[in-house]
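Trainee: mind looking at a prediction? Sequence and model below.
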Amino acid sequence: MAEIRIAAHEVHKSFGAVHAVDGVSLQVSAGEIYGLVGPDGAGKTTLVRLLCGALHLDAGTVSLAGFDMARRPERGRERLGYLAQRFSLYDDLTVEENLRFFAEVRGLPPAQWRARSREILGFVGLAQFETRRAAQLSGGMKQKLGLAIALINEPQVLLLDEPTTGVDPMTRQDFWRLIIPLLRSGDLAVLVSTPYMDEAMRCTRIGFMRSGRIISEGAPNDLRKQLDGRIVELVGEPQAEFAQLARADGGMEAVQRFGRQLHLRVAPGQREAVVQRLQAAIAATGGQVERIGPIEPQLEDVFIALAEEQPQEMQA
Amino acid sequence: MNPEPAIRTHNLTRRFGDFVAVDHLNLEVQPGQVLGYLGPNGSGKTTTIRMLLGLLHPSEGDAHVLGYDVVAQPELVRANSGYMSQKFALYHELTARENLTFYAGIYGVQDRSRVSQVLEELGLGAVQNQRVQTLSAGWRQRLALATAIIHRPGLLFLDEPTSGVDPVARRAFWDLIYELSTQGITVMVSTHYMDEAEYCTQIGIMRDGKLLALAEPDELKRQLPGQVWEMSAEPLLQAVELLEQQPFVRTVALAGDHLRILTDSAVNAEQISTYLAAQGVQTLSVTKGTPTIEDVFMALSNSG
């Protein structure tokens, strides 16, 4: 059994009347990557900041690499790497100087960080840019330097808060190609929050957060199975009328347009009845169905279904 | 006769010193289209939009937006087009309605009912009296769109409008874009989300300031040379490295928990698994895939 590296138990944090994190428990073992997803305002960033000790808990416990962050925060932090959504680099300093500065802040003796800095810059692919000023780096390179800084102390726990938001697909690919080998050693536990469902699919487990709680947790494919048989694809003309007819059906939960396709989410056990009713209704209006039938649910479908479960909450 | 294109550029170029941000761009967008404008960071997307809005002078070439010359008639361009950037320009201490009223004033909107109408149209009624600082990213995004259409523009420029918002808000936002497009508004939208690109009627792909492709999404996928495969292999990253060294493989990309690769057309599944097996990597599955816009994007971004 792999060692548990991130353990949160009944963690609470409020800002005034807002319960940003409202009783979260989670565990991430060495060799695992845990994906934190959820609507904006669900509390993901607050949770990450509670885990890394940047915010104080109102209640509950967090331990990193076996150290209780309330009692031995310095020991936990020694084993932690953290990359925030917005992180600062010193624009006037070179890549190597930035790394050295943060290494010293982390308390690494010079004898250690020199060797480590060469190794880590090689790993993230910045070795040849050692003497370039941070201000002259592209967005993707800055992000790699941010990751290098988070890894300088050879952490056992890595917390990544939306590391790829607003980043182009090539840079996202590069970033993940760095994260995956880190897990292979089996000695690192990673927690990453992300708005990208394809990234969440890469995680060992996913926790779906809403209103400060984790309301669903599991392996990506197990989460997808929750909606098995409930997503129907409909293609044909006129699409706008199809969408209206679909929305009017009592067994329908959601209708979404994807270019030429409509994706329908039907209530549990309702698929065949809904499809039959829709086909009849479309035929009655003279529409032409090109294709109608179940498709495999995607993680995004699950995300939306979970996010929409509470109608009293306002979703925009 | 064809109607006047909503956007027409001829050799549009912008240099910053030695750097060519936009390089002889020839773009034509017909009214009512939704143009997805894709490209890596720094490929010239935002610079293009700034020139089309008449905010930045071209170094060379010309551009017409809704028939107006962007250099000679920038005020008319801006009076008739809407713009929403990745950083929403909203007043945080004002309410949603106050923000809209403010923008209506700037644009000289005479119709007093327009603010209420836009609030209604974009589903902002419930939050109209809340201050922006208390709104979630999704609501702010919707309000930013409202301010961009308050003056009934014929054309909308959206620069990474969905960056940093969650999937629910992204879907709702695209419903609104479709709605506007149905009303005849032309939309030019840049995005890093390749699934969003699939919803556009036209796609333009930029790299190093040049337009590499401009076509309907289905056309771009048809033109993609080679065969797309979905595969799982163990160890995954070793498979990536090996496949990247193999001449018959054109691109390799992580896709969810598996890989997508693009190979020469003549390659079969066995060749792929045999090659990997010889290097000690086990192929768990390999099946032919249907091209996506992300495949097209990766192929164009990687090609020399």
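Mentor: Right, received. Where do you want to start?
Trainee: residue B:221 reaches residue B:293, doesn't it?
Mentor: Yes. Counting by C-beta atoms under 8 Å, residue B:293 is a contact partner of residue B:221 at 7.1 Å. C-betas here are computed from N, CA, C, even on glycine.
Trainee: what do these two both touch?
Mentor: Taking C-beta atoms under 8 Å, 6 or more residues apart in numbering or on different chains as the contact criterion, no residue touches both residue B:221 and residue B:293.
Trainee: neighbour count: the two, which is higher?
Mentor: residue B:293 (24 against 18; other C-beta atoms under 10 Å in any protein chain shown).
Trainee: how much space separates the more buried one from chain A?
Mentor: 10 Å (C-beta to the nearest C-beta, to the nearest Å).
Trainee: OK, contacts around the nearest residue to that residue once chain neighbours are set aside?
Mentor: The shortest distance from residue B:293 to any non-neighbouring residue, by C-beta to C-beta, 6 or more residues apart in numbering or on different chains, is to residue B:197 (4.4 Å). The contact partners of residue B:197, by C-beta under 8 Å, 6+ apart, come to B:36, B:38, B:191, B:203, B:217, B:293-294, B:297.
Trainee: then residue A:69?
Mentor: Here residue A:69 is in contact with A:53, A:61-63, A:76 (C-beta under 8 Å, 6+ apart).
Trainee: all strands for the stretch 51-200 of chain A, in order.
Mentor: Here the stretch 51-200 of chain A has its strands, by DSSP state E, counting those that start in this stretch, at A:59-64, A:67-68, A:80-83, A:157-161, A:189-193.
Trainee: turn those strands into JSON lines, including mean neighbour count and mean pLDDT.
Mentor: Below are those laid out as JSON lines (neighbours: other C-beta atoms under 10 Å in any protein chain shown; pLDDT from 0 to 100):
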{"stretch": "strand A:59-64", "mean neighbour count": "20", "mean pLDDT": "97"}
{"stretch": "strand A:67-68", "mean neighbour count": "16", "mean pLDDT": "95"}
{"stretch": "strand A:80-83", "mean neighbour count": "23", "mean pLDDT": "94"}
{"stretch": "strand A:157-161", "mean neighbour count": "24", "mean pLDDT": "96"}
{"stretch": "strand A:189-193", "mean neighbour count": "25", "mean pLDDT": "97"}
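Trainee: what's the closest of these to residue A:91?
Mentor: strand A:80-83 (18.0 Å; C-beta to C-beta).
Trainee: neighbouring strands - and their directions - for that closest one?
Mentor: With DSSP bridges as the test, strand A:80-83 is paired with strand A:157-161 (parallel).
Trainee: tell me the angle the strand it pairs with makes with strand A:189-193.
Mentor: 10 degrees (axes from the mean of the first three to the mean of the last three C-alpha atoms, to 10 degrees).
Trainee: how about the residue nearest the centre of chain B, phi and psi?
Mentor: Nearest to the mean C-alpha position of chain B, by C-alpha atoms, centre = their mean, lies residue B:190 at 2.6 Å. Backbone torsions of residue B:190, given as degrees, to the nearest 10, read phi -100, psi 140.
Trainee: and it, what are its bridge partners?
Mentor: Beta-bridge partners of residue B:190, as defined by DSSP bridges: residue B:37, residue B:159.
Trainee: enumerate the residues of the stretch 151-300 of chain A near chain B.
Mentor: Proximity of the stretch 151-300 of chain A to chain B (C-beta under 8 Å from any C-beta of the partner chain) is limited to residues A:162, A:165-173, A:176-177, A:180-181, A:184, A:195, A:197-198, A:201-202, A:220-221, A:240, A:256-259, A:299-300.
Trainee: out of the residues you listed, which sit inside helices?
Mentor: Judged by DSSP state H, helices contain the following of these: A:169-173, A:176-177, A:180-181, A:184, A:197-198, A:201, A:220-221, A:240, A:299-300.
Trainee: what pLDDT does the closest residue to residue B:25 other than its chain neighbours get?
Mentor: Nearest non-adjacent residue to residue B:25, counting by C-beta to C-beta, 6+ apart: residue B:12, 4.3 Å away. Looking at residue B:12, its pLDDT is 98.
Trainee: packing partners of the host helix or strand of residue B:12?
Mentor: If you go by DSSP states H and E, residue B:12 is part of strand B:7-16. Judged by 3 or more C-beta pairs under 8 Å, 6 or more residues apart in numbering or on different chains; DSSP states H and E, strand B:7-16 is in contact with strand B:19-25, strand B:28-29, helix B:45-52, strand B:60-65.
Trainee: how far is it from where the chain is centred?
Mentor: For strand B:7-16, the separation from the chain centroid amounts to 18 Å (computed by C-alpha atoms, centre = their mean, to the nearest Å).
Trainee: hmm, who's touching it?
Mentor: B:20-29, B:35, B:44, B:47-48, B:51-52, B:56, B:58-65, B:155, B:186, B:188.
Trainee: ok, now stretch B:166-174?
Mentor: Stretch B:166-174 is contacted from outside by A:38-40, A:195, A:197, A:256-257, A:300, A:303-304, A:307-308, A:315-316, B:136-138, B:141-142, B:145, B:161-162, B:165, B:193, B:196, B:199, using C-beta under 8 Å, 6+ apart.
Trainee: residue A:207: neighbour count?
Mentor: Quick note: residue A:207 (other C-beta under 10 Å) scores 25 neighbours.
Trainee: just the pLDDT at it, thanks.
Mentor: 97.
Trainee: please apply the same query to residue A:315.
Mentor: On the pLDDT scale, residue A:315 gets 42.
Trainee: again with residue A:138
Mentor: pLDDT, residue A:138: 85.
Trainee: is it true that it touches residue B:42?
Mentor: Yes. Here residue A:138 reaches residue B:42: they are 6.3 Å apart, a contact under C-beta under 8 Å.
Trainee: neighbour-wise, which of those two wins?
Mentor: Taking other C-beta under 10 Å, residue A:138 and residue B:42 do not tie; residue B:42 has more neighbours (18 against 13).
Trainee: OK, contacts around the more buried one?
Mentor: Per C-beta under 8 Å, 6+ apart, neighbours of residue B:42: A:138-139.
Trainee: likewise residue A:278?
Mentor: Contacts of residue A:278 by C-beta under 8 Å, 6+ apart are A:234, A:242, A:245-246, A:249, A:292.
Trainee: buried deepest among the helices and strands packed on strand B:7-16, which one?
Mentor: Across the helices and strands packed on strand B:7-16, averaging neighbours per residue (mean count of other C-beta atoms under 10 Å in any protein chain shown) puts helix B:45-52 on top, at a mean of 24.
Trainee: and whatever residue of the stretch 151-300 of chain B ends up closest to chain A, how many neighbours does it have?
Mentor: Closest to chain A within the stretch 151-300 of chain B is residue B:256: 3.3 Å, counting by C-beta to the nearest C-beta. A count of neighbours around residue B:256, defined by other C-beta under 10 Å, yields 18.
Trainee: buried residues, stretch B:34-45. List them.
Mentor: B:34-40, B:42-45 (16 or more other C-beta atoms under 10 Å in any protein chain shown).
Trainee: among the residues you listed, which pair sits farthest apart?
Mentor: So for the buried residues of stretch B:34-45, where distance means C-beta to C-beta, the most widely separated pair is B:34 and B:42, at 23.9 Å.
Trainee: which residues touch residue B:190?
Mentor: B:36-39, B:45-46, B:49, B:158-160.
Trainee: pLDDT added to these, as TSV?
Mentor: What follows is the contacts of residue B:190, written out as TSV (pLDDT from 0 to 100):
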residue	pLDDT
B:36	96
B:37	96
B:38	94
B:39	90
B:45	94
B:46	92
B:49	96
B:158	96
B:159	92
B:160	90
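Trainee: returning to what we had before: ok, which of the strands of the stretch 51-200 of chain A comes nearest residue A:94?
Mentor: Per C-beta to C-beta, nearest to residue A:94 of those: strand A:80-83, 19.9 Å.
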